[in-house]
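Participant: sequence and computational prediction follow.
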Amino acid sequence: MRKFLISAVAIAISGCSTSFIESPKAQYLTVLHTNDNHGRFWQNEKGEYGMSARKTLIDNLRQEAKAKNRTVLLLSGGDINTGVPESDLQYAEPDFKGMRILGYDAMAIGNHEFDNPLDILEKQIKWAQFPILSANILHKKDGKNAYEPFTIINKNGLKIAVIGLTTVDTAKIANPEYIGHLDFIKPSVAAKNTLEQISKQHKDIDVTIAVTHMGHYHDAKYGINAPGDVTLARELPQGALDMIIGGHSQEPVCVDSSGNPDINFAPGKTCKPDNQNGTWIMQAHEWGKYVGKAEFKIEGEKITLESYQLIPVNLKNNAGELVNEYIAEDKEMLAFLQPFKKIGEGQLSLPIGYTDGYLDGKRDTVRFKQSPLARLIIKAQKEAVNADFGLISGGGIRHSIEAGEISYKDVLKVHPFKNRITAMNWQGSDLIKYLEVVTSFPADAGAYLQYEGISFERKNGKLTNVRINNQALDLNKTYRMSINSYNASGGDGYPTIVGMKGFVPSEKTDAEVLKAYIEKHSPIKVSEL
C-alpha cells in the first residue's frame, strides 16, 4: 500500500556495477481528532469545551506543526447529532458548519447521524463540505455503498487513505423508518474490500487510517455491544491499518504498560493509546472535551508514534479549577455560533412546570431498573393516545430532570429524538406473545423495558402473572398500549408492529406530549409516580 522512497544509482567501475539504495526521507504527520460531539457546539455552564475554544487550540496546534514541517490531519469519530436542544432544534447545523470552519478532513458516520430522516443527513453532508464516510453501509437493493466509503488526502507529499466504518448496532438502535433500506455489514469485511479497492485505484499510499464509530472495548470484550475497534484491528492483516480514530463508546482510550485500561488517567495526565495487531487505536472521550494529538514519523513503510496527548479543552477538576492553561475562545467562531445559540433560547428557557424531586434519567438507572422519570414519560404517552398501559425502552431516555422548575429545554434533553407516539390495540392472546419478547431484554441494554400500567413476573425465563392496571390479563379482551414510533418500528430489537392490525400512528412527538403533560399536571410529585 505504501510507497517506497527508493532511488537506485548504478556506477560502473572497471567493468563491474555497484548499486545502493538511499534511506527513505523521513516525513512527519500530526493527527488531531475528536468524536461524539452530540450537539455541544457551545461551552457548558462551567465554561468547559465548546467549538470556539477548540478553534483556538486547533489553530495553535496547526501553527506548531507547520513550524516543525509536519503535515496535519483533523478527523472525527462521528455522532455529531443529538444531545443539546439548541443544536437538535436546528438539526446540528451549527455543529457541522462549525466543523467546516475548523477544517476537518474527514469523519465517520455515527449511529446518531440517523436520528433524523435521511434528507437531513444529506443536508448535513452539504453543510460540512468535507468527506463523511462509511464503507459498511450498503443499499439492500443492489449492495452498493450508500455513502462515500473512503477518501484520499494529499498533503505536503503525503498520500493518506481514510476509510469510514459504522457500528452494525445502528441497524437496531437507529430508527427503522429511516434505515430499513440499508444493510450494515461486518466492518472488517467492508474494510478488506475497501483496502483492495484503494490498492487497485491508488498507488503509493503512505498512511492508511480508519475513522470509525464502533466503540473501543479492551481486549475485544464488547459484551452486548457490536464488536468494536479492537476486534476490527485483530480481524485484519497485521498493520493493514496504521491507526483507527474511533468513537461511540465515548471514553478516553488510554492503556497502561501492560495494555490494560489506565485507571489513573485523568484530564491533563499522560495517555498512551491502545495498539492492536500493529494498529494504533485512539479515541478522545466525548463532546469536544479533548482534542487528541498524535505525532507520527514516517520512513517508507515504517510508521512510528512519537508522542500522544489528550489535550483538555478548558476542563475543570472537582474544585472548579482548570486542569491546564485557559484556552481563549476564537472571536470569529463565537460570532458565527452566537446566532444559533440565540435561536429559540428564550422559548426553551421558559418554565412549563415544577417537580418536587429529582427525576433520574441517568444511563445506569434507566437501563438497569424502573425509573420514576420513565413512569412520568409513559403516563404522558398513555394520556396522549388514551392507552391502558405503556412501554418504552430505557435507552430512549437521555437526560435527568432536576428538582424545581422544569423548562422545555429540560424536556428536549430527555427526548432529543423527535419520536412520534403511537398506539396498538392488542387482543390479549397476541399481547402475551409480544410481552414474552419485550420483557426478556436484559439490564445494561438500551432495550431494557420501562413500563407503566402493567406488572408481571419472569420465572425460569417464562413470563407469568401479567396484570393490566392491577387486573389479570384476559386473553379474550382488547388492550390499548402506548409506545413510541422507534420501538414500534423495531428499534432496539423490539418486534415490529407498524402496519399490523390494531396499530394506530399519530403525529404527536414524545417531547410535545411530555411538555403538555407536565403543564397540565404540575406540580409533579415524584412520590406519586
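Facilitator: Ah, there it is. Numbering: from 1, shown residues only.
Participant: what's the longest helix in the chain?
Facilitator: In the chain, with assignment by DSSP state H, the single longest helix is helix 51-67.
Participant: mind listing residues that contact it?
Facilitator: With Cβ atoms under 8 Å, 6 or more residues apart in numbering as the test, helix 51-67 has contacts from 30, 32, 34, 40-43, 71-72, 74, 94-95, 98-99, 101-103, 288, 291, 293, 311, 313-314, 327-334, 337. In short, each C-beta sits where N, CA and C put it, glycine included.
Participant: again, only this time at 7 Å
Facilitator: Applying Cβ atoms under 7 Å, 6 or more residues apart in numbering, the contact partners of helix 51-67 are 30, 32, 41, 43, 72, 74, 98, 102, 288, 291, 293, 311, 313-314, 327-330, 333-334, 337.
Participant: send the alpha carbons of the very next helix or strand once past it over as CSV?
Facilitator: Counting by DSSP states H and E, the next helix or strand C-terminal to helix 51-67 is strand 71-76. This file holds the C-alpha atoms of strand 71-76, laid out as CSV (Å, rounded to 0.1, in the frame of the first residue of the first chain):
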residue,chain,number,x,y,z
THR,A,71,1.5,17.6,7.9
VAL,A,72,-1.7,17.9,9.9
LEU,A,73,-5.0,16.0,9.7
LEU,A,74,-8.1,16.7,11.7
LEU,A,75,-10.5,13.8,11.9
SER,A,76,-13.8,12.9,13.7
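Participant: need the helices for the stretch 101-250 of the chain, in chain order.
Facilitator: Ranges of helices in the stretch 101-250 of the chain, per DSSP state H, counting those that start in this stretch, are 118-128, 170-173, 176-179, 187-201, 229-235.
Participant: may I see the buried residues of stretch 299-310?
Facilitator: Neighbour-count burial for stretch 299-310 flags 300, 303, 305, 308, 309, 310 (criterion: 16 or more other Cβ atoms under 10 Å).
Participant: which one of those is nearest to residue 383?
Facilitator: Within the buried residues of stretch 299-310, the smallest distance to residue 383 is 46.3 Å, found for residue 310 (Cβ to Cβ).
Participant: wasn't that closest one part of a strand?
Facilitator: Yes. The assignment for residue 310, made by DSSP: H, G, I helix; E, B strand; the rest coil, places it in a strand.
Participant: state the distance from it to residue 273.
Facilitator: 9 Å (Cβ to Cβ, to the nearest Å).
Participant: again with residue 248
Facilitator: Taking Cβ to Cβ, one finds residue 248 at 16 Å from residue 273.
Participant: of these two, which one has the most company?
Facilitator: Shown here are residue 248 and residue 273; by other Cβ atoms under 10 Å, residue 248 has more neighbours (29 against 22).
Participant: apart from its chain neighbours, what residue comes closest to that one?
Facilitator: Using Cβ to Cβ, 6 or more residues apart in numbering and skipping the chain neighbours, the partner closest in space to residue 248 is residue 215 (4.1 Å).
Participant: so who does the one you found touch?
Facilitator: Applying Cβ under 7 Å, 6+ apart, the residues near residue 215 are 167, 225, 228, 229, 248, 249.
Participant: okay, stretch 267-279 in PDB with CA atoms only?
Facilitator: Extracted in PDB, the C-alpha atoms of stretch 267-279 (Å, rounded to 0.1, in the frame of the first residue of the first chain):
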ATOM      1  CA  PRO A 267      -7.700  15.300  32.400                       C
ATOM      2  CA  GLY A 268      -4.200  16.700  32.000                       C
ATOM      3  CA  LYS A 269      -2.400  13.400  32.600                       C
ATOM      4  CA  THR A 270      -0.400  11.300  30.200                       C
ATOM      5  CA  CYS A 271      -2.400   9.000  27.900                       C
ATOM      6  CA  LYS A 272      -1.000   6.000  25.900                       C
ATOM      7  CA  PRO A 273      -3.300   4.800  23.100                       C
ATOM      8  CA  ASP A 274      -4.100   1.200  22.500                       C
ATOM      9  CA  ASN A 275      -2.200  -0.900  20.000                       C
ATOM     10  CA  GLN A 276      -3.700  -4.000  18.500                       C
ATOM     11  CA  ASN A 277      -2.100  -6.100  15.700                       C
ATOM     12  CA  GLY A 278       0.100  -3.300  14.700                       C
ATOM     13  CA  THR A 279      -2.700  -0.700  14.600                       C
END
